[in-house]
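Got a predicted structure plus its sequence, pasted below:
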Amino acid sequence: MITLIYAHPYPNRSRANRVLLDAVRDVSGLAVRSLYDLYPGFEIDVEAEQAALGSAHTLVWQHPMYWYSVPGLLKHWFDKVLARGWAYGAGGTALQGKRCLWVTTTGGDEQAFQATGMHAHPLSAFVPPVEQTARFCGMSWLEPLVVHAAHKISRVELSEHARDYRQRIEQLSSATGGEGG
């Protein structure tokens, strides 16, 4: 089972995240948890979230990049759900060995994430907090899927990203062990 944590604060305005989510939504063994639909008041049902993660062999965190990080509700979800004694620390082995795939979209194109670009750093400079969150919980970090210039890329390019995403999710769904896709 794969649990996909979807965190888009404005899903009706989303172009790329909606296409990506639609591409994988019907994959067998995938459960989607749309945080902004489930918890519009940020009151997270920690037990329900932990149960959803506990039954998964792979976690997917899908969201647009916000201020070089995750949207506010996903950060709050990390704080509440990935608790000491459950996800890390003494007795915190619930996520040990599970795979984690980060799927994110950016407004800037790849040139914007260069030393001379608008963001003055490569995208890889913004990956460590998300990656370390997974690793700190004992998860295996998979190569992220990043869609740059999400609101500007062509439909063809977006369809290619969606097809690649679906392929990765199908591979992870059919994999029963190891690193997967």
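It's in.

Output stretch 54-72 as CSV, restricted to C-alpha atoms.
Written as CSV, here are the backbone C-alpha positions of stretch 54-72 (Å, rounded to 0.1, in the frame of the first residue of the first chain):
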residue,chain,number,x,y,z
GLY,A,54,1.3,2.4,9.4
SER,A,55,-0.4,0.3,6.8
ALA,A,56,1.7,1.8,3.9
HIS,A,57,5.1,0.5,2.6
THR,A,58,5.6,3.8,0.8
LEU,A,59,4.8,7.4,1.6
VAL,A,60,4.4,10.1,-1.0
TRP,A,61,4.5,13.8,-0.1
GLN,A,62,3.0,15.8,-2.9
HIS,A,63,2.7,19.6,-2.8
PRO,A,64,3.7,22.9,-4.4
MET,A,65,6.8,24.4,-3.0
TYR,A,66,6.0,27.3,-0.7
TRP,A,67,8.8,29.7,0.4
TYR,A,68,11.4,27.0,-0.3
SER,A,69,9.6,24.4,1.8
VAL,A,70,6.3,22.7,2.3
PRO,A,71,2.9,24.4,2.7
GLY,A,72,1.9,25.3,6.2
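
Go ahead and confirm residue 23 touches residue 167.
No. Assessed by CB atoms under 8 Å, residue 23 is found out of contact with residue 167, at 9.6 Å. Bear in mind the C-beta positions are built from the backbone N, C-alpha and C, glycine included.

the more surrounded of the two?
residue 23 (19 against 13; other CB atoms under 10 Å).

ok, that one - contacts?
162, 163, 165, 166 (CB atoms under 8 Å, 6 or more residues apart in numbering).

What's opposite the most centrally placed residue in the chain in the beta bridge?
In the chain, the C-alpha nearest the mean C-alpha coordinate belongs to residue 61, at 1.5 Å (CA atoms, centre = their mean). Beta bridges link residue 61 to residue 5, residue 102 when assigned by DSSP bridges.

So it is in contact with residue 100, correct?
Yes. Residue 61 is within contact range of residue 100, at 7.1 Å (criterion: CB under 8 Å).

residue with max distance from the center of the protein?
In the chain, the residue that sits farthest from the middle, by CA atoms, centre = their mean, is residue 116; the gap is 27.6 Å.

Helix, strand or coil: sort out that residue for me.
Here residue 116 is coil, with the state taken from DSSP: H, G, I helix; E, B strand; the rest coil.
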